[in-house]
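Undergrad: structure of the sequence below:
(chains A and B)
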Amino acid sequence: GAVVSQHPSRVICKSGTSVKIECRSLDFQATTMFWYRQFPKKSLMLMATSNEGSKATYEQGVEKDKFLINHASLTLSTLTVTSAHPEDSSFYICSAREGTRSDEQYFGPGTRLTVT
Amino acid sequence: AQSVAQPEDQVNVAEGNPLTVKCTYSVSGNPYLFWYVQYPNRGLQFLLKYITGDNLVKGSYGFEAEFNKSQTSFHLKKPSALVSDSALYFCAVSGSGTYKYIFGTGTRLKVLA
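TA: Take a look at the predicted model:
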């Protein structure tokens, strides 16, 4: 149990375009989902926390208008990178927290974004 | 403010030898502590966690960790390393009730045959 999927696993887009990444909890309801960004050989940086049906809470320094997060249902959150630039290229990882087991996050496999 | 330190960027150990990956933390209140492992281009896999109770926590793949409150440490250990244990290991902490993880910088473990 407690499986989180991400789609796509890899995406290449052109500078100036937008790309959407989906994060799904497959066998549980995720009251909270988290989006992280990981730079090469670096740790995970929390970008934002999203709760189903409400606006995401962004960490300091993360541009809300650039990284749009939607948590439309208890099993789906999306991250849209708008007007992507090469510096947005990174590994994006989502995680989900189940309401009844609140102390643990379940991580997705990650999405490699390359902006050309 | 919450923080996690993994003082070693890389740990090398010979196969069959015991391994230790260090983690220290700073958090107000009772900490929730976690270890995750990441293989190349993959997400994080859960190894173990400490919430409360016995200070020695046993987890997946033969790993264990010891919570030491006085030293604010949560070192990851394994009695006998395998080459397949080579990966990137992350320690994370969250304060009770916050649900947000703060990750350490990661330690790359290399197990040499």
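
Undergrad: how about the helix or strand of chain A with the lowest mean pLDDT and chain B, touching?
TA: Every helix and strand in chain A was compared by mean pLDDT, DSSP states H and E; the lowest is strand A:101-107, with a mean of 77. Yes: contact between strand A:101-107 and chain B is present through A:102, A:103, A:104, A:105, A:106, A:107 (criterion: C-beta under 8 Å from any C-beta of the partner chain). To be clear about C-beta, it is placed using only N, CA and C from the backbone, and glycine gets the same treatment.

Undergrad: whatever helix or strand comes next after that strand near chain B at all?
TA: Going down the chain from strand A:101-107, the next helix or strand is strand A:111-115, by DSSP states H and E. Yes: legend: contact between strand A:111-115 and chain B by C-beta under 8 Å from any C-beta is shown at residue A:112.

Undergrad: likewise stretch A:72-82?
TA: No: figure legend: stretch A:72-82 not in contact with chain B (C-beta under 8 Å from any C-beta); closest approach 14.4 Å.

Undergrad: ok, and what's touching stretch A:94-108?
TA: Contact with stretch A:94-108 is made by A:2-6, A:21, A:23, A:25, A:28-36, A:77, A:79, A:93, B:32, B:34, B:36, B:43-46, B:49, B:51, B:94, B:99, B:101, as judged by C-beta atoms under 8 Å, 6 or more residues apart in numbering or on different chains.

Undergrad: and it, C-alpha only, in CSV?
TA: Provided in CSV are the C-alpha atoms of stretch A:94-108 (Å, rounded to 0.1, in the frame of the first residue of the first chain):
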residue,chain,number,x,y,z
CYS,A,94,6.1,14.9,-4.8
SER,A,95,5.0,13.2,-1.6
ALA,A,96,1.7,12.6,0.1
ARG,A,97,0.5,12.3,3.6
GLU,A,98,-2.4,10.1,4.5
GLY,A,99,-4.8,11.5,7.1
THR,A,100,-4.8,8.5,9.3
ARG,A,101,-1.0,8.1,9.3
SER,A,102,0.1,11.6,9.6
ASP,A,103,3.7,11.1,10.6
GLU,A,104,5.0,9.7,7.4
GLN,A,105,5.2,10.9,3.8
TYR,A,106,5.1,8.6,0.8
PHE,A,107,7.2,9.8,-2.1
GLY,A,108,6.6,9.6,-5.8
